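Asker: Build me a model:
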Amino acid sequence: MQAAWQAAGQSSELKSNLFFLGAVLTGNEEEDNARLMAQAGPGTAVIFHNFADEMGAMGGQAMPEGPLSNLIAAYLEQRDKYQPEDAKYLQNHRGHLMFVRPEETHITPELVRATSMSGTRAELVERLQEVKRQGYNQVTIQVVHGHESAVEEWHDVFSAV
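Answerer: The predicted model follows:
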């Protein structure tokens, strides 16, 4: 994007901000799975909320191929049950960026880790250093309500970048 910005004749620096949800993991699987679902899972859920809005409106047409296609298809089946019929988006977006709903059983700790900025302190420092090398000059972590203490853990990560 930086190269395209400059190629378009822009002389000022392009500001870029990476917004994400994530979790700083401890290495304790049980604790980490809970952190993943509570702190980063709501961001993963949004992926499906967006697919459901787009594909649900198209009757599931243009289903993407790839590793998530079965999960998206299953989520669309769940979405088809939402009420009211003419406003399924209301249920689809309940808890949006706040929590993973009980029926969103396709969202697992493994999927959340793969689709969020989550990892151990050392892993996150390395990932954020790469984000910086890629040209981002700001990052924004959304801390989920009820998990405000994560700010201290993220501070520890950011101070090492």
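Asker: which residue is nearest the middle of this structure?
Answerer: In the chain, the centroid-proximal residue (CA atoms, centre = their mean) is Gly43; its distance is 3.2 Å.
Asker: and that residue, what are its phi and psi?
Answerer: Backbone torsions for Gly43, taken as degrees, to the nearest 10, come to phi -70, psi -40.
Asker: For the nearest residue to it once chain neighbours are set aside, give me its contacts.
Answerer: Distance criterion CB to CB, 6 or more residues apart in numbering; nearest residue to Gly43, sequence neighbours excluded, is Leu21 at 3.3 Å. Just so you know, the C-beta spots here come from the backbone N, C-alpha and C atoms, and that holds for glycine as well. If a contact means CB atoms under 8 Å, 6 or more residues apart in numbering, then Leu21 has 39-40, 42-44, 97, 116-117, 141-142, 144 as its contacts.
Asker: redo that, cut-off 6 Å
Answerer: By CB atoms under 6 Å, 6 or more residues apart in numbering, the residues touching Leu21 are 40, 43, 116, 142.
Asker: The third one contacts Phe19, doesn't it?
Answerer: No - checked against CB atoms under 6 Å, the pair Ser116 and Phe19 is beyond contact range at 11.7 Å.
Asker: So if I had to pick from those two, which one is more boxed in?
Answerer: Neighbours were counted for Ser116 and for Phe19 using other CB atoms under 10 Å; Ser116 has more, 20 against 11.
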